[in-house]
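Asks: can't give you the sequence, but here's the structure:
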């Protein structure tokens, strides 16, 4: 297997331009908003609580998650040749699973943080220290990596129809 030929969302040139415009206007504000959140939390001395620690991680992984697929979609929506190599496709699968799983795990950590803040407000600062937050974030990254690796290894075992394969979906 060398490459996949992507058939895309539509074959109509006008609709492809509309897809490009819509996704560009969704993708850029997402990047800018998350960058603003990350910079605000990073450089503000008042935002040092665990809630903002997890929000920082979530706002850092969200643009990475959308950047794994959106640029390829934008490029393919305006180009004539819609091809992705096998290696790039495998990398994209790994990245989508890694950042998607990371977002889910960080959201779970944020919900635990909210639970502690709500149910044990007097003990919150003791339970959710910076050290504990860091110790909780590391397994989230490791779990995401293991999940992504397993998914990528499962894709490696698939057989394909030849050196080129037509995919009716947009990767």
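Replies: Looks like it came in fine. Keep in mind it's a predicted model, so treat the numbers as computed, not measured.

Asks: Quick check: buried residues in the helix or strand where residue 65 lies?
Replies: Secondary structure assignment for residue 65, by DSSP states H and E: helix 50-67. Going by neighbour count (16 or more other C-beta atoms under 10 Å), the buried part of helix 50-67 is 50-63, 65-66. (Each C-beta comes from the backbone N, C-alpha and C, glycine too.)

Asks: how far out from the middle of the chain is it?
Replies: Helix 50-67 has its average C-alpha position 9 Å from the chain's average C-alpha position, going by C-alpha atoms, centre = their mean, to the nearest Å.

Asks: I'd like to know the average pLDDT value across it.
Replies: When pLDDT is averaged over helix 50-67, the result is 89.

Asks: quick one, what contacts residue 114?
Replies: The neighbours of residue 114, taking C-beta atoms under 8 Å, 6 or more residues apart in numbering as the test, are residue 51.

Asks: Recalculate using a threshold of 10 Å.
Replies: Residues in contact with residue 114 (C-beta atoms under 10 Å, 6 or more residues apart in numbering) are 50, 51, 54.

Asks: Please name every helix or strand in contact with the helix holding residue 65.
Replies: The helices and strands touching helix 50-67, judged by 3 or more C-beta pairs under 10 Å, 6 or more residues apart in numbering; DSSP states H and E, are helix 13-43, helix 86-119, helix 124-127, helix 130-156.

Asks: Minimum distance to residue 78: which of those has it?
Replies: Using C-beta to C-beta as the measure, helix 13-43 is the one of those that comes nearest residue 78, at 5.4 Å.

Asks: Bridge partners for residue 83, pull those for me.
Replies: As for beta bridges, residue 83 partners with residue 5 under DSSP bridges.

Asks: Now that it has come up, it's in contact with residue 6, right?
Replies: Yes: counting by C-beta atoms under 10 Å, residue 6 is a contact partner of residue 83 at 6.9 Å.

Asks: quick one, which of the two is more surrounded?
Replies: Between residue 83 and residue 6, counted using other C-beta atoms under 10 Å, the more crowded position is residue 6 (20 against 13).
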